[in-house]
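*Asks:* Attaching a predicted model along with its sequence, questions to come.
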Amino acid sequence: YFHAPYDCSSISKGRNELWTMAKKEGADWFVTIDSDTVFNGGTLSRFLKLGKDIMSGVIYMRKPPFLPMIFNFDEKYSPQNILDFPQDKPFPVHCSGEGFMVVSKKAMDALPDNPFDIIADLNGLQMGEDPSFGWQAHSRGIETWIDPTIEFGHKGSMIATKKHWEHVRALNGNMGNSKS
């Protein structure tokens, strides 16, 4: 168990240390569960049944506008929120928030040491540890799959959920689709 303060470099370092330990021990799966992620029992077994190399769910930002933390990269490798997505079945994305993420041994073996190191896009802007990890996987042809049927909450001053995103979206005229 590792607890990091809300500092990307600390989270990145901690995840990299756990990654190294998991690989050294020959783990079959690497799982991240953030302390501010709320989920129901059975979530891990649902992801394992899905059987993809990297799996997560739709976790929404803790603050307005509560955007879904699922992304595709644009031509400069900058992560762009995906605003429109299937609600009833798993789908692939380039990367996601890692509040609850499951990574297979196959993906672990294909990814480099320290895959959570913070990297920059072609604009020179640093990505957080989530899109940095996503880029490492995506650039190697490893898909991240999202199961939107698994419900998550994201704790901040309140627990942000899909309902908050839908409310903001309705108030703002659907907020359009992002690059995907």
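*Replies:* Here it is on my side, so go on.

*Asks:* low-confidence ranges in the chain?
*Replies:* 1-9, 174-180 (pLDDT under 70).

*Asks:* What are the boundaries of the helices in it?
*Replies:* Secondary structure of the chain (DSSP state H): helices at 8-24, 43-50, 105-110, 129-138, 162-171.

*Asks:* quick one, which of those helices is packed in tightest?
*Replies:* Mean neighbour count (mean count of other CB atoms under 10 Å) peaks for helix 129-138 among the helices of the chain, with a mean of 24. Backbone N, C-alpha and C define where each C-beta goes, glycine included.

*Asks:* What lies in contact with it?
*Replies:* 8, 11-12, 15, 53-54, 69, 71, 73, 77, 79, 94-98, 107, 111-112, 115-119, 127, 143-144 (CB atoms under 8 Å, 6 or more residues apart in numbering).

*Asks:* Give me the buried subset of the residues you listed.
*Replies:* Neighbour counting by 16 or more other CB atoms under 10 Å classes 8, 11-12, 15, 53-54, 69, 71, 73, 77, 79, 94-98, 107, 111, 115-118, 127, 144 among the contacts of helix 129-138 as buried.

*Asks:* quick revisit: closest to residue 87 out of the helices of the chain?
*Replies:* Between residue 87 and the helices of the chain, the tightest spacing by CB to CB is seen for helix 162-171, at 8.9 Å.

*Asks:* Please export the C-alpha coordinates of the closest one as PDB.
*Replies:* Written as PDB, here are the backbone C-alpha positions of helix 162-171 (Å, rounded to 0.1, in the frame of the first residue of the first chain):
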ATOM      1  CA  LYS A 162     -21.600  10.700 -13.900                       C
ATOM      2  CA  LYS A 163     -24.700  12.600 -12.700                       C
ATOM      3  CA  HIS A 164     -22.700  15.700 -12.000                       C
ATOM      4  CA  TRP A 165     -21.100  15.600 -15.500                       C
ATOM      5  CA  GLU A 166     -24.600  15.100 -17.100                       C
ATOM      6  CA  HIS A 167     -26.000  18.100 -15.200                       C
ATOM      7  CA  VAL A 168     -23.200  20.400 -16.200                       C
ATOM      8  CA  ARG A 169     -23.400  19.200 -19.800                       C
ATOM      9  CA  ALA A 170     -27.200  19.800 -19.900                       C
ATOM     10  CA  LEU A 171     -26.700  23.300 -18.500                       C
END
